[in-house]
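Asks: here's a sequence, model it:
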Amino acid sequence: MKTKPKPESVNRKYGKYDYPGYADIEAFIETIWLEKGSSEHTLSAYRRDLKAFSIWLDQAGGRLMQTRHEEIRRYQSYRQREGYSRASTARSLSCLRGFFRYQLREQEIDADPTLRIENPKKSRPLPKVLTEVEVEALLGAPDPSDPLGLRDRVMLELLYACGLRVSELVGLELSMVNLRQGVVRVTGKGDKERLVPLGEEAIEWLARYLRQGRVLLLERGDSEVLFPSKLGRQMTRQTFWHRIKKYAALAGITKPLSPHTLRHAFATHLLNHGADLRVVQLLLGHSSLSTTQIYTHIAQHRLQSLHQQHHPRG
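Replies: Model prediction:
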């Protein structure tokens with residue numbers, strides 16, 4: 001593991017109290033403790049970030065209370081070159097903003113050098129995606145001989161076949177499904193409707209459920225809800241999320257899951273098999289293509305892993 005470079009000069013060692021800007025930094029730390037009641041952990045983080053900047057600035061020939069706008073920018077570039085994470089650099093800049101705003105408030109400086117400096121964009125973490133084998137194991141976990149198990153199997157099938165959000169799934173009504181045309185009408189975010197193809201496998205399971213499972217679940221009354229609970233009502237998102245976790249455990253899946261797990265798998269597997277990105281955008285109901293593009297990174301990451309694993313020069 002790469003060790004983060006320390007900003008100490010090779011010609012000078014800085015002590016705990018003997019470093020440039022110590023008095024000004026401690027005055028600021030004491031003020032935020034008094035005004036905000038910040039924890040010792042938070043105060044230590046502030047002190048560490050300010051000390052690191054002050055020492056770097058001293059080595060660059062600058063002075064903390066005379067910091068210029070371009071020196072802040074150079075420090076940001078320095079951290080990027082040295083491999084500091086974006087989150088760490090964003091936290092450091094936030095700390096500097098607080099320090100210099102305090103100094104401006106106290107009239108110790110004439111201008112805030114952190115103005116018009118943007119935070120580094122945080123990298124968006126890639127969603128955890130199940131492999132096609134893991135999806136098959138998850139879909140096979142419910143017992144279709146039981147009405148509830150059959151219902152859950154079909155719900156999982158639709159999540160994966162259509163890329164639905166869990167909220168969209170539990171909100172489906174009987175009138176939204178057309179088995180003859182093989183489509184489902186989904187009401188997504190902002191009450192936007194879209195038509196999503198079901199696929200042959202999902203159509204077969206859904207037809208079986210309508211014949212054998214749903215009628216048994218509605219013995220206590222009538223409802224338009226496609227996937228009713230044991231009481232014949234619309235299931236909550238939280239209830240079905242708990243059932244997904246239950247089936248994942250039965251399938252031996254140890255990856256961390258989210259309510260969007262099968263939605264992520266739907267999009268990624270489509271792209272892995274050559275689907276057009278704009279088609280995937282329409283199927284997912286994304287208003288912006290940039291939201292869908294996260295899945296191209298997952299597909300590329302998967303291809304890189306396969307190349308490294310199987311190519312003789314990977």
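
Asks: alpha carbons only for contacts and neighbour counts from here, please
Replies: Will do.

Asks: what are the ranges of the strands in this protein?
Replies: Taking DSSP state E, the strands of the chain run over residues 177-178, 183-187, 193-197.

Asks: single out the most deeply packed of those.
Replies: With neighbours defined as mean count of other Cα atoms under 10 Å, the strands of the chain peak in mean count at strand 183-187, which reaches a mean of 20.

Asks: what score does R220 have for pLDDT?
Replies: R220 is assigned a predicted lDDT (pLDDT) of 61.

Asks: I meant T291, not that one.
Replies: In this model, T291 is scored at 49, pLDDT.

Asks: and for the one 5 residues further on?
Replies: Each residue has a pLDDT score; the one for T296 is 55.

Asks: then T187?
Replies: Predicted confidence (pLDDT) for T187: 82.

Asks: would you confirm that it contacts E193?
Replies: Yes - look at T187 against E193 with Cα atoms under 8 Å: they come within range, at 4.5 Å.

Asks: picking that back up, so which of the strands of the chain comes closest to P147?
Replies: strand 177-178 (19.4 Å; Cα to Cα).

Asks: mind checking the pLDDT average for stretch 265-272?
Replies: 74.

Asks: buried stuff in it?
Replies: 265-271 (16 or more other Cα atoms under 10 Å).

Asks: export these to TSV and append columns for distance to A52.
Replies: As requested, the buried residues of stretch 265-272 are exported to TSV (distance: Cα to Cα, whole Å):
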residue	distance to A52
A265	43
F266	46
A267	43
T268	42
H269	45
L270	47
L271	45
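
Asks: what's the closest of these to Q76?
Replies: For those, the nearest to Q76 is T268 (34.7 Å; Cα to Cα).

Asks: ok, so what distance separates that closest one from L169?
Replies: T268 sits at a distance of 19 Å from L169 (criterion: Cα to Cα, to the nearest Å).

Asks: again with R79
Replies: Counting by Cα to Cα, the separation of R79 from L169 is 45 Å.

Asks: same thing with Y22?
Replies: 58 Å.

Asks: got it, and E35?
Replies: For E35 relative to L169 (Cα to Cα), the value is 48 Å.

Asks: and L195, what's its pLDDT?
Replies: pLDDT at L195 comes out at 84.

Asks: E35 and L169: which is more packed in?
Replies: A count of neighbours by other Cα atoms under 10 Å puts L169 above the other of E35 and L169, at 23 against 8.

Asks: right, I'll call it a day here.
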